[in-house]
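[1] What follows is a protein structure lacking sequence information:
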DNA sequence: ATGGCTTGAGTGTCAAGA
C-alpha cells in the first residue's frame, strides 16, 4: 500500500500537477492540504477520470483537506470530534482496514500570538482524539502538514529559526506528544539524505538554495511502522512551473 | 533588513502562509 501527503496550496491551481503525480506514483491514498475550495468547486470528475475517488472537507479561500483514494472507503469523519473549529483542517477515512487521517495543522503565525495559542490547543485536541483512535484502530496513519519541524536537523538554519514559529519548544513538544502515543515518524525509520526538507519559501530562491524545513510528515502506528518499507520526499513537483511550496511525502507499507 | 513570493478575493490591494 502506498500512501502520501501533499500540501498543494490551492487544488485549482495544482490540479494538473496532482493528476500527473497520481499517474506517475499510483498511490492508494493521497492526503491533500490547503485545497482552498468549497466542496462545490472540488474537481471530483477529473479525479474520477484518473481513477480516484475523493473525500473532501473544504472552505473558501483558506485551509481545506482531502483524501484521494482508490477502492472503497468507510467511516469518513470530518473535523476533530468534540473540538469546535471553523477551519477545515481534518478528514479521516478507513481504506482496506487502514485508517488514514489527513491533517492541516494551524500555522501559528508567531510565537505568543492568538494563532499560536490556537495551534497548541488544536494539537492537544488532536492528540486526545488520536489516543482513542489508536486504541480502536491498530492500523492508523496520520499524514499531513504539521507545521512543525521536529528537530534541528529538519531546519536549514537551526540557529536562525531557534524558538521561532514552526520550531519553538512547545510546538516540538506537541509533535513529540503524538510520538508518545506510539506513532513513528516514517521518514526517520530510514537513513535519509542530510538537509531533507518538505517545504521551501517561495521567496529568496529558497528551493534552489535548499533553504527549507521538514514540516510535512507521515506518522504511523506501531503496527503500520513495522511494515513500512520506505518513506521519501519527492522533490520533483517542486521543480515544476508554478509549484506548491510543499513537496509530497510518500510511504510504502507492506500489504 | 520582518523584506523577499504565491494564493484567493475581486479590481484596490489585502490577509495569510511558513
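    Perfect, I can see it now. Here the structure is a predicted model, which means the values were calculated and not measured.

[2] contacting residues around the closest residue to residue A:147 other than its chain neighbours?
    Nearest in space to residue A:147, with sequence neighbours left out and distances taken as C-beta to C-beta, 6 or more residues apart in numbering, is residue A:105 at 4.6 Å. To be clear about C-beta, it is placed using only N, CA and C from the backbone, and glycine gets the same treatment. Residue A:105 makes contact with A:89, A:119, A:122, A:123, A:126, A:144, A:145, A:146, A:147, A:148, according to C-beta atoms under 8 Å, 6 or more residues apart in numbering.

[3] do the same with residue A:195
    Residue A:195 sits in contact with A:156, A:210, where contact means C-beta under 8 Å, 6+ apart.

[4] Now the phi/psi pair for it, please.
    phi 60, psi 50 (degrees, to the nearest 10).

[5] Against DNA strand B, how distant is it?
    Taken as C-beta to the nearest atom of the strand, to the nearest Å, the spacing of residue A:195 relative to DNA strand B amounts to 15 Å.

[6] same deal with residue A:43?
    Residue A:43 sits 12 Å away from DNA strand B, going by C-beta to the nearest atom of the strand.

[7] now swap in residue A:146 and tell me
    Between residue A:146 and DNA strand B the computed distance is 10 Å (C-beta to the nearest atom of the strand).

[8] Which strand residues bridge the most centrally placed residue in chain A?
    Taking C-alpha atoms, centre = their mean as the criterion, residue A:144 is the residue nearest the geometric centre of chain A, at 1.0 Å. Each beta-bridge partner of residue A:144 is listed here, defined by DSSP bridges: residue A:103, residue A:217.

[9] Settle this for me: it is touching residue A:103, isn't it.
    Yes - the pair residue A:144 and residue A:103 qualifies as a contact (C-beta atoms under 8 Å) at a distance of 3.7 Å.

[10] Name the residues contacting each of the two.
    Overlap between the contact sets of residue A:144 and residue A:103, as judged by C-beta under 8 Å, 6+ apart, is given by A:33, A:65.
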